[in-house]
Structure formats: structure tokens, C-alpha cells
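**Q** What follows is a predicted protein model with its sequence.
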Amino acid sequence: MADLFDIGDEPSGPAPRPLADRLRPRTLAEVIGQDQLLGPDGPLRVMLDAGSLGSIVFWGPPGVGKTTIARLLAHETDLEFVQISAIFSGVADLKRVFETAKQRRRAGQGTLLFVDEIHRFNKAQQDSFLPHMEDGTILLVGATTENPSFELNAALLSRAQVMVLTRLGEDDLGDLVTRAEEELGRALPLEGDARRALLEMADGDGRALLNLIEQIAAWKIDAPLDQKALSQRLMRRAAQYDKTGDAHYNLISALHKSVRGSDPDAALYWFARMLEAGEDPRYLARRLTRMAVEDICLADPQAQSVCLDAWQSYERLGSPEGDLALANAVIYLALAPKSNAAYAAYKAARRAAKKTGSEPPPKHILNAPTKLMEDEGYGAGYAYDHDQDDAFSGQNYFPDTMERPEFYRPVERGFERDLKKRLDYFGKLRRERGG
């Protein structure tokens with residue numbers, strides 16, 4: 001019966017090392033990409049050359065070299081490299097790390113503590129680093145995929161320099177493929193279009209690219225694959241997206257600004273990117289409606305209705321059919337005349353309301369339902385606008401102590417061009433009638 005569970009002979013030697021491990025850079029000069037940090041004038045290179053390396057927080061997407069660079073920094077500065085993950089470490093783990101670092105320091109050896117996913121630590125845990133950073137027990141190098149401004153304590157950020165790592169470009173990924181082929185001792189069995197597709201599948205992630213290369217290298221095929229054949233064998237790496245993270249806010253910002261900039265092609269691209277990443281179309285419908293009332297306003301009063309109709313169509317149809325209704329709204333908003341005059345007027349009115357507090361309306365526009373109120377002058381001198389030949393009295397409707405402001409300033413675009421004419425006309429009548 002034991003034979004039923006036999007999975008083969010024990011391996012005669014050590015398991016083969018993953019390609020990513022075999023290609024791990026041995027010096028900072030071998031790191032692919034991140035020239036903005038590691039180039040001759042990059043801040044990291046300058047700190048190393050000056051012998052003044054301080055605590056750092058690396059902020060960037062996965063697979064761009066945060067861990068590798070931290071390890072190489074320890075090597076170049078003769079510091080002991082200690083790595084922990086905020087996902088798997090607690091208070092007890094931190095205490096052990098700090099105590100060991102103190103002992104190491106008393107023996108004359110410094111410690112570079114690399115904390116992966118440092119944003120996962122809570123405020124108290126982040127604060128625990130501070131005294132050990134200040135007395136030199138540790139040199140902290142944190143890594144995060146989230147915006148440090150939102151995720152890390154101000155006290156920690158004030159003691160560390162944030163350095164931004166960027167996703168690897170096509171040339172960087174191409175260099176990584178070349179190195180992998182040299183390590184493997186053969187070229188990948190891919191035609192030109194398939195090689196380009198491979199780089200796209202990695203989506204700027206070097207580690208993901210090496211994993212894909214390792215899969216391809218294991219295939220036994222007779223002829224190079226074209227793009228179609230490669231796509232059938234490999235799955236594209238999922239786009240980096242978190243509905244509550246930086247990518248979410250970055251992409252909706254890109255969509256909003258593309259609409260504001262009257263670029264329907266760019267707007268559709270970011271809209272599609274968010275859908276492909278799994279964004280809730282209802283969230284997009286709400287944001288599109290906001291764009292209509294913030295950036296188009298009364299330059300095209302129909303824009304808001306278009307968004308609400310598209311939203312309702314999505315609710316009735318669902319995805320994917322309803323997505324097209326939202327796409328129609330995206331195009332309509334991008335090509336609509338733009339004005340934020342109503343939005344600016346609203347904000348100005350809110351500021352004025354907050355400033356003037358409890359100032360009462362002028363008495364002539366107050367109702368007088370009782371004799372006492374009538375005796376107090378409520379409603380006295382009110383001019384009923386419909387009694388005027390042009391249905392306009394020109395009276396003052398602001399508090400008596402308040403100088404007349406100008407909140408709404410329509411633009412010479414779209415429907416607001418007509419509203420501006422009306423506003424100018426009423427302003428002229430108001431001046432003539434002393435309102």
C-alpha cells in the first residue's frame with residue numbers, strides 16, 4: 001500500500017535555485033532601473049558617496065527592487081542586514097530585533113533593519129522604531145506600496161527620507177530578459193512580437209517577468225512561438241489595483257482630469273483601465289455625475305441628465321452591456337463645454353455664509369403673518385417682481401449690513417453664454433433702479 005503514496009526517488013542534489021534568485025544583483029551597479037535614485041546624481045548614490053546613509057522609506061510598486069536595493073545598501077555600508085515583514089511580525093518580534101541590534105552595536109556592528117510592507121504596522125508599532133533610529137541602534141529601511149503620506153506616522157517620516165521607485169520600463173525589462181537568457185545559456189523560443197508581448201504581460205514587475213521566463217524556459221517546443229501562441233500558454237499578469245489604495249485614486253484622478261481636459265480618448269482609456277482592474281461601475285457612474293456638476297455645470301445643463309440616464313441604464317442592464325452606457329457618458333462629458341463657474345460660486349457662497357454668521361435677511365423680504373411683525377416693518381416696501389413690466393424689481397436681497405458680492409461669473413462657453421447675457425441684463429437694470 002505504501003507504493004500508492006510513493007512520489008518518486010529523493011533528489012540526488014539540492015533543489016535548483018529560482019531564476020530570480022540566480023539573477024539577484026551583487027552590486028548596486030547591477031540593479032536594473034531606478035536610475036533616478038542610483039545614478040551619479042541620484043540621492044541614494046550621493047548619500048553613499050558622502051558616507052551619510054540615513055533611514056529611508058522606499059515607496060513603489062511590487063517587483064521593482066526595493067528588497068534587493070536594501071540588501072545591497074547593507075553590503076556597501078558593512079551593516080548587518082536584518083529583514084522582517086510587517087505582515088508577520090508583532091510587538092514581541094520587534095523587541096527581539098531591537099535587543100539583538102543593541103547587542104550587535106555594543107560589539108561594534110551596526111544593523112540595517114529592512115521592514116517590508118512597513119505601512120502594515122499600526123501607530124504604536126511605528127513609534128517603537130523612533131528611539132532606536134535616534135540613538136543609532138538601527139538604520140531603518142522601510143518598503144511600502146502605499147503612499148507614505150497617508151500610511152506612515154509623521155514622526156517616522158520626519159526621521160526618514162522617502163525615495164520613490166518606479167515600475168520598470170520596456171527597456172529595463174528587455175535588459176532583464178537578456179540577462180536571463182545569458183544565465184540560461186540560450187535564447188527564449190519567442191518571435192519578435194511574442195517577446196514584446198512578454199514584456200507587456202509583466203506590467204513593469206521584474207519579479208513577475210522572471211517568473212514568466214522561467215515557465216517559458218521549461219517548455220519543450222520545436223519552433224519559436226508567436227504572440228498568439230504565447231498568449232494561449234501564459235496568462236497576463238493582473239494589473240496592480242486596490243480599490244482603496246493609490247492605484248484607485250490615481251486612475252480616477254487621471255479619468256477626471258482627462259474629461260476636464262476635453263480628451264475623450266484619454267478619458268475612455270482610464271475608464272477602461274478601471275473597469276479592467278475590477279472597479280465597481282457604480283462608483284464610476286457616481287464620479288462621472290460629479291464631473292458633470294463640477295466641471296461642466298451650467299455650460300451644458302444636459303450633462304448631468306446624461307450621467308444620471310447612463311447610471312440608470314447600467315442599473316437596468318448590468319455589466320457588460322451597461323458599461324457602454326457609462327462609456328457614452330464619458331465621451332459626452334469630455335466633449336461638453338466646460339465651466340466651473342457654478343462650482344466656484346457655490347464655494348464662494350459657502351465661505352460668505354460662514355463669515356456672515358447669523359445676519360438676518362432685509363426686512364422688506366420677510367413675511368408679516370402677524371400684526372406685531374407688520375408693526376416691526378416686516379415686508380414693508382417689498383416690490384412684487386411680477387407687478388413690474390419686465391418682472392424685475394431690482395431690490396436688494398442680501399443682509400442690510402452686507403456689501404453685495406458677486407459669486408456667479410459665467411463663462412463665454414456653451415449655455416452659460418446665454419446665462420451671462422441674462423446676468424449682465426439684470427445687473428444693468430439693478431444699477432438703473434438702485435437695487
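**A** Done, it's in. Residues are numbered from 1 along each chain as shown.
**Q** Nearest spatial neighbour of G63, chain-adjacent residues omitted?
**A** Residue nearest to G63 in three dimensions, not counting chain neighbours: D205, with 3.3 Å by C-beta to C-beta, 6 or more residues apart in numbering. All C-beta atoms are positioned from the backbone trio N, CA, C, and that covers glycine.
**Q** Repeat that for L19.
**A** That would be E214: by C-beta to C-beta, 6+ apart, it lies 4.6 Å from L19.
**Q** show me where the stretch 251-400 of the chain has helices.
**A** 264-276, 281-291, 302-317, 321-335, 341-356, 371-375 (DSSP state H, counting those that start in this stretch).
**Q** where does the protein dip in pLDDT?
**A** 1-15, 235-246, 435 (pLDDT under 70).
**Q** Please parse it into its domains.
**A** As assigned by automatic domain parsing, the chain contains the domains 34-164, 170-233, 246-335, 359-432.
**Q** L23: which of these is closest?
**A** For L23, the closest of these is domain 170-233, at 5.8 Å, according to C-beta to C-beta.
**Q** That closest one spans what distance, first to last residue?
**A** 22 Å (C-alpha to C-alpha, to the nearest Å).
**Q** Next: stretch 406-423.
**A** 11 Å.
**Q** Show me what counts as buried in it.
**A** Using 16 or more other C-beta atoms under 10 Å as the test for burial, stretch 406-423 gives 408, 410-411, 413-416, 419-420.
**Q** on that earlier part again, shouldn't the residue nearest to L19 be in contact with P18?
**A** Yes - with contact defined as C-beta atoms under 8 Å, E214 counts as touching P18 (6.8 Å).
**Q** neighbour count winner among the two?
**A** Using other C-beta atoms under 10 Å as the criterion, E214 and P18 rank with E214 on top: 16 against 13.
**Q** And the helices of the stretch 251-400 of the chain: which comes nearest M201?
**A** helix 264-276 (14.1 Å).
**Q** and the closest one, what does it pack onto?
**A** With contacts taken as 3 or more C-beta pairs under 8 Å, 6 or more residues apart in numbering; DSSP states H and E, helix 264-276 sits against helix 246-260, helix 281-291, helix 321-335.
**Q** CA-only coordinates of it in PDB, if you can.
**A** This file holds the C-alpha atoms of helix 264-276, laid out as PDB (Å, rounded to 0.1, in the frame of the first residue of the first chain):
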ATOM      1  CA  PRO A 264     -12.400  61.700 -24.900                       C
ATOM      2  CA  ASP A 265      -9.700  59.100 -26.000                       C
ATOM      3  CA  ALA A 266      -7.700  59.500 -22.800                       C
ATOM      4  CA  ALA A 267     -10.900  59.600 -20.700                       C
ATOM      5  CA  LEU A 268     -12.000  56.300 -22.300                       C
ATOM      6  CA  TYR A 269      -8.600  54.700 -21.700                       C
ATOM      7  CA  TRP A 270      -8.600  55.400 -18.000                       C
ATOM      8  CA  PHE A 271     -12.300  54.500 -17.700                       C
ATOM      9  CA  ALA A 272     -11.400  51.100 -19.400                       C
ATOM     10  CA  ARG A 273      -8.300  50.700 -17.200                       C
ATOM     11  CA  MET A 274     -10.500  50.900 -14.100                       C
ATOM     12  CA  LEU A 275     -13.100  48.500 -15.400                       C
ATOM     13  CA  GLU A 276     -10.400  46.000 -16.400                       C
END
